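**Student:** With the input below, show me the fold.
(one chain, ligands or ions: 1)
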Amino acid sequence: MSEPKQPLLKADTSEEPIVLDPEAEKKEILKRYRAILRACKATMDKGDRKMIRKAFDLSLEAHKDMRRKSGEPYIFHPIAVAMIMAEEIGLGGVSIVCALLHDVVEDTQYTLEDIEKLFDKKVAGIVDGLTKISGVFDHTSSLQAENFRKMLLTLSDDVRVILIKIADRLHNMRTLGSMPKDKQLKIASETAYLYAPLAHRLGLYSIKTELDDLSLKYTEPEVFKSIALKLQESKKEREKFILDFTKPIKAELDKEGYKYEIKGRPKSINSIWTKMKKQEVSFEEVYDLFAIRIIIDSPLETEKADSWKVYSIVTDHFTPNPDRLRDWISTPKANGYESLHTTVMSKEGKWVEVQIRTRRMDEIAEKGYAAHWKYKEKTTESALDEWISRIRELLESPESNALDFIDDFKLNLFADEIFVFTPKGEIKTLPVGSTALDFAFEIHSDIGEKCIGAKINHRLVPLSYKLNSGDQIEILTSAKQHPKDDWLANVVTAKAKSKIKAALKEERRKLAEDGKKFSSES
Ligand code: MN
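**Tutor:** Here you go, the predicted model:
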């Protein structure tokens, strides 16, 4: 067993610009192109192969005189983005074609019409979306928010736009070393602010982690270097600990005849740093906090039972902390994450987090929604659709000013989630800190506006009551009720905020009109 490849190594190697003679360069380009085909072999048919070749030829021709800041041929970039789509997000065909073409319309003389003629409406639509949202952040702050809004509108048309945008950003972050200092800082901060949370929301955990680590590398280079070095130095010790810890579990799993894989990975550099800052502790106090992951091969029908069986094996050998049991198999997170987490005491007296999941769950956790689509016979209504429709509601609300919107959006991206229930037992996902009033607006804006209080688990509470996971909520309404100014302080969801603001504004307008009427009558 070994630690998986560290993102930081990937970034470091690709930063070395490769300077080759023209012949060798051509060979290298072809080699990288063939690697894409290999990576998406499983999902590809003959038509896809042809289309990908056409996209590659066009991109190669269009970018032929361009070089990256590192001196490399520009085509390395679209090839790398296509490779991320295929290998790390797990998408094929159209996604790879669009990734190869993503900078063609923006940076070369080829037009959208050319793309549509050579490919089709769908490909042209995605490339158009990508062209429109690129360079989004090069302007003033209000323009940023406005464009970000457009970007999300495009996202609701085809989610591949946003996935390619994230892959594009990931490759630019991996090769950020060739950029001037001021650009590095700007790109790294907006990556941490926008792209990493977006990747997280879409369930792309490994990409999110890498984006955060790369961002830290440029915003806090000293911190990054020192933690990376210390992780390297403590690697042997960590591996030995993992080996000892998993020995009895492995023996038992073998005896039961399970097919499994066990991974032990340290926390990411960024999460170690976040913890050091938050708890004001040293590296030595957090570096050995890591998660052991047990991935089992299990058919869909028995995966829940098998996961709990493994849980039982683990807790036969180690005492679990009852407060740290998380069951995201019975209730998956809104972004599709499924797993069983427990924290147990090792023989050395150290707490170790153990994550138990099946191969299918692991793939979803690592690759996000793309993996979801692969297993879609199980997901009836994907949580992604729900997320997109939520974003759409926000965008369509006339009251949501672009900048307010981005604040609210950021809040929702960063917040953790709670699960609550309607009186009929329907489950709703809300950000942590949500109140009874947020829940009322979540049900319907009419119910929100007429809300006078709530019954939580049959107990009467005020509308400012903060909800906890598992609460069952009945909203009490009155026809005479209407939104008050102080309600804004009692909600956290973007939806409730924008609805209350809109209602207050409408009320003020009516009051002013009544006032006018009154004075003209007298
Ligand atoms: Mn690009």
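
**Student:** residues in this structure within reach of the ion, list them.
**Tutor:** Asp103, Asp168 (C-beta under 5 Å from the ion). Just so you know, the C-beta spots here come from the backbone N, C-alpha and C atoms, and that holds for glycine as well.

**Student:** mind listing the strands for the chain?
**Tutor:** 260-266, 290-296, 319-320, 326-327, 340-345, 351-358, 417-421, 427-431, 451-456, 459-461, 473-477 (DSSP state E).

**Student:** which helices and strands does the last one pack with?
**Tutor:** So the one you mean is strand 473-477. helix 436-443, strand 451-456 (3 or more C-beta pairs under 8 Å, 6 or more residues apart in numbering; DSSP states H and E).

**Student:** Let's see that with 10 Å instead.
**Tutor:** Applying 3 or more C-beta pairs under 10 Å, 6 or more residues apart in numbering; DSSP states H and E, one finds that strand 473-477 contacts helix 436-443, helix 445-449, strand 451-456, strand 459-461.

**Student:** For these, give me CSV that also has distance to Ile313, mean pLDDT and mean neighbour count.
**Tutor:** Formatted as CSV, these follow (distance: least, C-beta to C-beta, whole Å; pLDDT from 0 to 100; neighbours: other C-beta atoms under 10 Å):
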stretch, distance to Ile313, mean pLDDT, mean neighbour count
helix 436-443, 39, 96, 24
helix 445-449, 47, 94, 18
strand 451-456, 37, 93, 19
strand 459-461, 40, 90, 12
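
**Student:** Export those to JSON lines and append columns for distance to Gly92.
**Tutor:** Formatted as JSON lines, those follow (distance: least, C-beta to C-beta, whole Å):
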{"stretch": "helix 436-443", "distance to Gly92": "36"}
{"stretch": "helix 445-449", "distance to Gly92": "41"}
{"stretch": "strand 451-456", "distance to Gly92": "47"}
{"stretch": "strand 459-461", "distance to Gly92": "50"}
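
**Student:** Select, out of the ones you listed, the one closest to Leu231.
**Tutor:** helix 436-443 (40.1 Å; C-beta to C-beta).

**Student:** quick one, that closest one and strand 427-431 angle?
**Tutor:** Note on geometry: by axes from the mean of the first three to the mean of the last three C-alpha atoms, to 10 degrees, helix 436-443 and strand 427-431 are set 120 degrees apart in direction.

**Student:** what's helix 436-443 packed up against?
**Tutor:** strand 417-421, strand 427-431, helix 445-449, strand 451-456, strand 473-477, helix 494-521.

**Student:** Now tabulate these in JSON lines and tack on distance to Thr111.
**Tutor:** Shown next, in JSON lines, are the helices and strands packed on helix 436-443 (distance: least, C-beta to C-beta, whole Å):
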{"stretch": "strand 417-421", "distance to Thr111": "43"}
{"stretch": "strand 427-431", "distance to Thr111": "43"}
{"stretch": "helix 445-449", "distance to Thr111": "43"}
{"stretch": "strand 451-456", "distance to Thr111": "52"}
{"stretch": "strand 473-477", "distance to Thr111": "53"}
{"stretch": "helix 494-521", "distance to Thr111": "37"}
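
**Student:** Thanks again, I'm all set now.
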